[in-house]
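Visitor: Pasting the sequence and the predicted coordinates here, then a few questions.
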Amino acid sequence: MSGLSAPIEISGLSKVFRQTTSGQSIVAIDQLTLRIDPGELVAIVGKTGCGKSTLFDLLIGLEHPTAGSITIGTKTPYDDFNAFRGKIATIFQQDRLFPWRSALDNVKLPLELIGIAEDVQQERAMSWLKRLGLEKFANAYPRELSGGMRQRVAIARAFAVQPEILLADESFSALDEVTANELRKTFVELAREFKSTAILITHQLEEAMAVGDRIVVFGKSATLLADIRMMDWDRADYPLLREGIQNTLQANAPDPRLRR
Amino acid sequence: MISSLPRETIISIVLFAVVWQIMSYLAPSLGIPAFAIPGLGRIAESLTKITPLDVAVTLGRVLLSLVVSFVIGLLVAVLMYLSGSVEKYLRPMVRILMAVPVVSWILFAVLWFKGVEFRIVFVLVVVCAPVFTVDALDNMREVSRDLKQMIRSFRPTPLQFFHKLMLPAITPGIITSWKITLSLAIRVVTIAELVGAVTGIGHQLSVAQELFSVADVFAWTLVLVILLFLLEALLVQLETRVLRWRA
């Protein structure tokens, strides 16, 4: 797989929702500008309700911005929706497997949607289940699997299409710590191996630091409070970095210690 | 099949038969004509005279009409699901269709159409299709938003969206709909066949009524009930097979 050739350019992005009952406007994202380069592994961290999930929906292409744009090359994921078929994959907080499909058939789903030959679907889906240690459960229905196993199937489903862009929304936060750590590791390994541009959205700072090569800190309405490249920090400085991000999140203002 | 019935069911059927037989004996002394409550022996005799062709014809009419009703009902539900405006216009019509009594539909059918077969299918479809529409639409609305978002993130075509997500997701509801409409259709077809049909269980019931043969009416009714139970048992088997993922 070649990976994404163009960066994701988020420019002056705003999203305003109008409440149907009160008629009030809620600014979920306010003038966000951000560039994500091909192959980057970015963790976006912020408090609940800061607009992270709205950004996720815009990146998937399920929402249109109120102002500004997201462009990937010359296209936008919402206006040129079908142009990204097979190029964007998602992993959600809940596994979102089809309960009527076996683990294998769930992994095959995106391959069916992009029209890959049946024998290739079977082979590729099976190899992904093997890779995630689930080959013995290929024919099991989701109800027969544990939460961690179901999330593994969801990861296999996302990687099966060999996506250029991988979007993960709180994908490990519903799991127990041991399983979550294991799956975070798998996620990072696979994203690196396949050179996918991966964006993990999370409210957990520890998770962001464990996964991201780059940590983007959002304040209210997705205001960009900090944009930190982990390579600029020595591992010995991580406690300081953690404290700096925590202060930033708490005060909703950039901590001066994060400037490098 | 009898061995699979619960003990209580068998006892209640036997009890009913015993009470019927006693009433049959007592009828003349109570001033009720003997033909009004025939004995079990007379009913059994009528059962041996059941003509399989009439049973097959009624079954064929029911199944054909249900398939046509299902296709129309589902298509209308899909249209209503896809477009809010279409739903606003069609929903009152569907509600009106459902409120019209079956007898009125039969009268309309007799006044509007010449062909007997068409009349029967028309009545069955106009009664059953709205049930399929309302159930399918409700079931489509209840499909998890999370699953819709997940599949849409993979950018399916509209056809794939319905084929891969909506249809399997509403299958349990569709099977329930079939159970409801099957029982409805069996009852409606009998009334529809009473008017003008020269074959079918309804027609045979009409003949039995003209001959004042309660035993024949009982026998044909029994056949209808058994037919319904058999079809329901088949549906349950299909349900177990198709919905094994729920187990």
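Guide: That came through fine.
Visitor: contacts, neighbours, all on C-alpha from now
Guide: Noted.
Visitor: which stretches of chain B form helices?
Guide: B:7-26, B:40-48, B:52-82, B:84-99, B:102-112, B:116-141, B:145-153, B:158-160, B:167-194, B:201-210, B:214-242 (DSSP state H).
Visitor: Quick one: residues in contact with the longest helix along chain A.
Guide: For chain A, the helix reaching the highest residue count under DSSP H is reported as helix A:177-193. Residues from elsewhere that reach helix A:177-193, judged by C-alpha atoms under 8 Å, 6 or more residues apart in numbering or on different chains: A:39, A:41, A:148, A:152, A:155, A:159, A:166, A:172-173, A:197-198, A:207, A:210-211.
Visitor: Most neighbours out of those, which is it?
Guide: Highest neighbour count within the contacts of helix A:177-193: A:A198, with 29 neighbours (other C-alpha atoms under 10 Å in any protein chain shown).
Visitor: The helix or strand where that one lies pairs with which strands, and in what direction?
Guide: In this structure, A:A198 is located in strand A:197-202 according to DSSP states H and E. For strand A:197-202, the pairing partners within the sheet under DSSP bridges are strand A:41-46 (parallel), strand A:165-169 (parallel).
Visitor: For whatever helix or strand comes next after the longest one, what does the pLDDT average out to?
Guide: Pointing back at strand A:41-46 there. For strand A:41-46, the succeeding helix or strand toward the C-terminus, using DSSP H and E, is helix A:52-60. For helix A:52-60, the mean per-residue pLDDT is 93.
Visitor: Following element in sequence after helix A:52-60, please.
Guide: Moving toward the C-terminus from helix A:52-60, the first helix or strand encountered (DSSP H and E) is strand A:67-72.
Visitor: just checking, what packs against that following strand?
Guide: Helices and strands touching strand A:67-72, by 3 or more C-alpha pairs under 8 Å, 6 or more residues apart in numbering or on different chains; DSSP states H and E, are strand A:8-18.
Visitor: Check which residues of the helix or strand following the strand it packs on are buried.
Guide: Stepping forward along the backbone from strand A:8-18, the first helix or strand reached (DSSP H and E) is strand A:25-36. By neighbour count, and taking 16 or more other C-alpha atoms under 10 Å in any protein chain shown as the criterion, the buried residues in strand A:25-36 are A:27-34, A:36.
Visitor: Output strand A:25-36 as PDB - backbone C-alpha positions only.
Guide: Below are the C-alpha coordinates for strand A:25-36, written out as PDB (Å, rounded to 0.1, in the frame of the first residue of the first chain):
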ATOM      1  CA  SER A  25     -26.900  28.000  17.900                       C
ATOM      2  CA  ILE A  26     -24.100  25.800  19.200                       C
ATOM      3  CA  VAL A  27     -20.600  26.400  17.800                       C
ATOM      4  CA  ALA A  28     -19.100  22.900  17.800                       C
ATOM      5  CA  ILE A  29     -16.000  24.000  15.800                       C
ATOM      6  CA  ASP A  30     -14.800  27.500  15.500                       C
ATOM      7  CA  GLN A  31     -12.300  28.500  12.800                       C
ATOM      8  CA  LEU A  32     -10.000  25.400  13.100                       C
ATOM      9  CA  THR A  33      -7.000  25.400  10.900                       C
ATOM     10  CA  LEU A  34      -4.800  22.300  10.900                       C
ATOM     11  CA  ARG A  35      -2.600  20.300   8.500                       C
ATOM     12  CA  ILE A  36      -2.000  16.600   8.800                       C
END
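Visitor: relative to strand A:41-46, how tilted is it?
Guide: Between strand A:25-36 and strand A:41-46, the angle formed by their directions is 160 degrees, by axes from the mean of the first three to the mean of the last three C-alpha atoms, to 10 degrees.
Visitor: So what touches strand A:25-36?
Guide: Judged by C-alpha under 8 Å, 6+ apart, the contacts made with strand A:25-36 from elsewhere in the structure are A:7-19, A:42, A:49-51, A:54-55, A:67-68, A:221-224.
Visitor: about what we covered before: okay if I get the strands paired with strand A:197-202 as a markdown table plus mean pLDDT?
Guide: Converted to a markdown table, the strands paired with strand A:197-202 look like this (pLDDT from 0 to 100):
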| stretch | mean pLDDT |
| --- | --- |
| strand A:41-46 | 94 |
| strand A:165-169 | 94 |
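Visitor: residue contacts, B:E87?
Guide: B:E87 sits next to B:79-81 when contact means C-alpha under 8 Å, 6+ apart.
Visitor: Number of residues surrounding residue 223?
Guide: Let's take chain A. Here the number of neighbours of A:T223 (other C-alpha under 10 Å) works out to 20.
Visitor: sorry, should have said chain B
Guide: Burial of B:V223 is recorded as 16 neighbouring residues (other C-alpha under 10 Å).
Visitor: Which two among the contacts of helix A:177-193 are spaced furthest apart?
Guide: Taking C-alpha to C-alpha as the measure, the contacts of helix A:177-193 span a maximum distance of 26.3 Å, between A:G39 and A:G148.
Visitor: which bits of chain B sit near chain A?
Guide: With the criterion set to C-alpha under 8 Å from any C-alpha of the partner chain, chain B comes near chain A through B:146-147, B:149-150, B:152-157, B:160, B:168, B:243, B:245-246.
Visitor: Any idea which of the residues you listed the model trusts least?
Guide: Least confident entry in the residues of chain B next to chain A, by pLDDT: B:R246, with 87.
Visitor: and it, what is it in contact with?
Guide: Listed by C-alpha under 8 Å, 6+ apart, the contact set of B:R246 reads A:99-100, A:143.
Visitor: Just want the angle from the one helix or strand A:D105 maps to to helix B:145-153.
Guide: Of the helices and strands defined by DSSP H and E, A:D105 is found in helix A:103-113. Our comparison of helix A:103-113 with helix B:145-153, counting by the same axes, to 10 degrees, yields an angle of 50 degrees.
Visitor: Show me the contact partners of helix A:103-113.
Guide: Applying C-alpha under 8 Å, 6+ apart, the contact partners of helix A:103-113 are A:86, A:97-98, A:118, A:121-122, A:125-126, A:129, A:137-142, A:153-154, A:156-158, A:160-161, B:154-157, B:160.
Visitor: List the buried residues of the following helix or strand past it.
Guide: Proceeding C-terminally, helix A:103-113 gives way to helix A:118-131 as the next helix or strand, assigned by DSSP H and E. The neighbour-count criterion (16+ other C-alpha under 10 Å) identifies A:121-122, A:124-129 as the buried residues of helix A:118-131.
Visitor: Could I get the residues you listed in TSV, plus columns for distance to chain B?
Guide: Rendered in TSV, the data for the buried residues of helix A:118-131 read as follows (distance: C-alpha to the nearest C-alpha, whole Å):
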residue	distance to chain B
A:Q121	15
A:Q122	17
A:R124	17
A:A125	16
A:M126	19
A:S127	20
A:W128	18
A:L129	19
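Visitor: Next one: the nearest residue to B:V76 once chain neighbours are set aside relative to B:G73, how far apart?
Guide: For B:V76, ignoring the flanking residues on the chain, the nearest one in space by C-alpha to C-alpha, 6 or more residues apart in numbering or on different chains is B:T133 at 6.3 Å. With the distance defined as C-alpha to C-alpha, to the nearest Å, B:T133 ends up 4 Å from B:G73.
Visitor: Up against chain B, what does chain A have?
Guide: Listed as neighbours of chain B in chain A under the rule C-alpha under 8 Å from any C-alpha: A:60-62, A:81-82, A:84-86, A:88-90, A:92, A:96-101, A:110, A:113-114, A:141, A:143.
Visitor: Just the ones in helices from the residues you listed, please.
Guide: In helices, judged by DSSP H, the following of the residues of chain A next to chain B are found: A:60, A:110, A:113.
Visitor: rewinding a little: which one of the helices of chain B is the most hemmed in?
Guide: Across the helices of chain B, averaging neighbours per residue (mean count of other C-alpha atoms under 10 Å in any protein chain shown) puts helix B:116-141 on top, at a mean of 22.
Visitor: average model confidence for that one?
Guide: On average, the pLDDT along helix B:116-141 is 96.
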